[in-house]
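>>> Return a 3D structure for these sequence lines:
(one chain, ligands or ions: 1)
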Amino acid sequence: MVMKVSLRRNVRILLLGDRHVGKTSLILSLVSEEFPELVPSKAEEITIPPDVTPEMVPTHIVDYSEVDQTVDELTEEIQKAHVICLVYSVVDDASIDRLSSHWLPFLRNCLVDTCLPIVLVGNKVDLVDYSTVELLHVVIYDIPYIFHFPQSSAKTLKNISEMFYYAQKAVLHPMAPIYISDKQE
Ligand code: GTP
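A predicted model of the protein is given here:
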């Protein structure tokens with residue numbers, strides 16, 4: 001198994017997840033420090049320069065859009081990524097179910113011999129006053145490195161820069177995951 005967690009001079013973060021969970025909004029909220037009322041289907045790739053990242057490494061942030069990208073293009077992006085933020089909406093049960101029914105099996109197939117950190121991000125926490133973290137134990141799938149990040153809101157900017165920093169750290173300073181596949185050698 002190849003570990004994509006060695007010393008790096010840059011970090012490439014790919015946001016994945018169902019439609020409308022807020023991937024593009026999370027990226028644009030980070031960049032503009034305000035919630036965008038109108039969002040394109042896909043944000044342009046952005047590069048955060050090293051001097052404004054806590055770890056002082058250039059960080060590329062890449063959006064995904066089901067309507068703009070083919071499965072082959074998505075697979076190519078997954079293989080270029082150093083870490084994946086797998087986003088769900090805390091008010092959309094279907095987006096939570098699809099973590100285990102679609103996204104994690106899909107990633108597992110794309111990453112057969114590669115160990116890539118995956119950060120689960122629950123977005124739209126501004127719309128609830130309860131935690132949905134306990135729902136997630138059902139989505140832990142047979143994939144090596146999964147982390148769960150405290151929930152975020154692109155709208156209120158809650159945990160936005162922290163989320164991207166957390167993903168960066170998962171690459172630069174690998175932490176103990178909440179689940180380790182039995183299949184690791
Ligand atoms: P696709 O482009 O279809 O893949 O969607 P996406 O995952 O990029 O979601 P997008 O950023 O387009 O947001 C979908 C909708 O959710 C928009 O109406 C956003 O304004 C809204 N939205 C995104 N993040 C939040 C959030 O944190 N809170 C609330 N209340 N709404 C949000």
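>>> May I see the buried residues of the helix or strand hosting residue 171?
Using DSSP states H and E, residue 171 sits within helix 160-172. If you call a residue buried by 16 or more other Cβ atoms under 10 Å, then helix 160-172 has these buried ones: 160, 161, 163, 164, 166, 167, 168, 169, 170, 171, 172. Every C-beta, even on glycine, is put in place using the N, C-alpha and C of the backbone.
>>> which one among the residues you listed gets closest to the ligand?
In terms of Cβ to the nearest ligand atom, no member of those lies closer to the ligand than residue 160, at 9.0 Å.
>>> show me the contacts for the closest one.
Contact partners of residue 160, counting by Cβ atoms under 8 Å, 6 or more residues apart in numbering, are 26, 29, 30, 152, 153, 154.
>>> and the ligand, which of those residues contact it?
Restricting the contacts of residue 160 to those near the ligand by Cβ under 6 Å from any ligand atom leaves 153, 154.
>>> Just send the contacts of residue 160 back as JSON lines, with distance to residue 131 and neighbour count too.
Compiled in JSON lines, the contacts of residue 160 are given as follows (distance: Cβ to Cβ, whole Å; neighbours: other Cβ atoms under 10 Å):
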{"residue": "26", "distance to residue 131": "19", "neighbour count": "27"}
{"residue": "29", "distance to residue 131": "21", "neighbour count": "24"}
{"residue": "30", "distance to residue 131": "23", "neighbour count": "18"}
{"residue": "152", "distance to residue 131": "13", "neighbour count": "28"}
{"residue": "153", "distance to residue 131": "13", "neighbour count": "22"}
{"residue": "154", "distance to residue 131": "18", "neighbour count": "28"}
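>>> mind putting the contacts of residue 160 in a markdown table, pLDDT and secondary structure included?
Listed next are those as a markdown table, based on pLDDT from 0 to 100; DSSP: H, G, I helix; E, B strand; the rest coil:
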| residue | pLDDT | secondary structure |
| --- | --- | --- |
| 26 | 98 | helix |
| 29 | 97 | helix |
| 30 | 96 | helix |
| 152 | 94 | coil |
| 153 | 96 | strand |
| 154 | 97 | coil |
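>>> which parts of this protein sit against the ligand?
Taking Cβ under 6 Å from any ligand atom as the contact definition, the chain meets the ligand at 17, 19-25, 39, 41, 65-66, 123-124, 126-127, 153-155.
>>> same thing but at 5 Å, please
Residues of the chain lying close to the ligand (Cβ under 5 Å from any ligand atom) are 19-25, 39, 41, 65, 124, 126, 153-155.
>>> quick one: which of those residues is nearest residue 11?
Residue 11 has its nearest neighbour among the residues of the chain next to the ligand in residue 23, at 17.4 Å by Cβ to Cβ.
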